[in-house]
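Asks: How does the following fold in three dimensions:
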Amino acid sequence: MKYKNIFLTGSTGILGKPLLKKLVNEGHSVFALSRNKLNNDFLISNNAKIINGDLFNDDIYEQLKEKSIEAIFHVAGENKKCQKDPSGMFKTNIEGTKQMLELGNKLNIEKFIYTSSAATLGEKKGSIGNEDSTHRGTFLSDYEESKYLAEEVAFAFNIISSLGIPQYSQKSPKCSVELSPTPIVPILLDLITLIFIFGKDA
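Replies: Now for the predicted structure:
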């Protein structure tokens, strides 16, 4: 099995929950980031190993450095509409992504999977967006801008990464893996963008 030991962020969100269950059911050892102890019962009941903290805790590396982490699934993010001050969302989505990329480098992982948003495609009005769309150059929301800039961070990191392994980037607006029998999750998965940064598809 590829990527036996996986670190997962956003494991208690609407996408993270079914992803966690699928990874565990497929035999992966999942180390799930938990920033609230109220989530621990769910994580424990689904056989995840708990890593305490948030995206910006310096001791995440200390908790993971002996766990032989091979891949990171970065699903955590913030989406709040009409905020007077969106700086917190920008920090989470952009700087949080950078933190996880740097963590992956320190852990010498083989693969980093980042969950973005189809909003970042930025297709022009009246057109159908896909991975080859040219962004319109303006943003319809702070959330769209924050996720677009987070993607830029991820792609830039891939270019300058010093990891001594083959590097591969792919951007797709659709994830074909069905994670849950409930109807809402496959619909949402059709809207997300996955950026595969390190290694080849598993």
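Asks: okay, CA-based contacts and neighbour counts for the rest of this
Replies: OK.
Asks: So which residues lie in contact with the helix or strand harbouring residue 19, not counting its own?
Replies: Following DSSP states H and E, one finds residue 19 within helix 16-25. For helix 16-25, the external contacting residues (C-alpha atoms under 8 Å, 6 or more residues apart in numbering) are 8-11, 29-30, 46-48, 75-76, 179-180.
Asks: For the protein, which residues score under the pLDDT cut-off?
Replies: Counting by pLDDT under 70, the chain contains low-confidence ranges at 1, 158-202.
Asks: how about a cut-off of 50?
Replies: 160-202 (pLDDT under 50).
Asks: and residue 56, what does it touch?
Replies: For residue 56, the contact set (C-alpha under 8 Å, 6+ apart) comprises 96, 99.
Asks: Check whether it sits in a helix, strand or coil.
Replies: coil (DSSP: H, G, I helix; E, B strand; the rest coil).
Asks: quick one: it and residue 101, what's the gap?
Replies: Using C-alpha to C-alpha, to the nearest Å, residue 56 is found at 12 Å from residue 101.
Asks: Over to residue 157?
Replies: Applying C-alpha to C-alpha, the value for residue 157 to residue 101 is 7 Å.
Asks: re earlier: among the contacts of helix 16-25, which lie within strands?
Replies: Those of those mapping onto strands are 8, 9, 29, 30, per DSSP state E.
Asks: which of those residues lies closest to residue 147?
Replies: Relative to residue 147, the closest of the ones in strands among the contacts of helix 16-25 is residue 9; by C-alpha to C-alpha it sits at 15.9 Å.
Asks: Bridging across strands, which residues link to the closest one?
Replies: Counting by DSSP bridges, residue 9 forms beta bridges with residue 74.
Asks: my guess is it meets residue 32, correct?
Replies: Yes: Residue 9 lies in contact with residue 32 (C-alpha atoms under 8 Å); the separation is 6.1 Å.
Asks: measure the residue nearest the centre of the chain to residue 111 for me?
Replies: Centroid-nearest residue in the chain: residue 74, 2.5 Å away (criterion: C-alpha atoms, centre = their mean). Residue 74 is 11 Å from residue 111, where distance means C-alpha to C-alpha.
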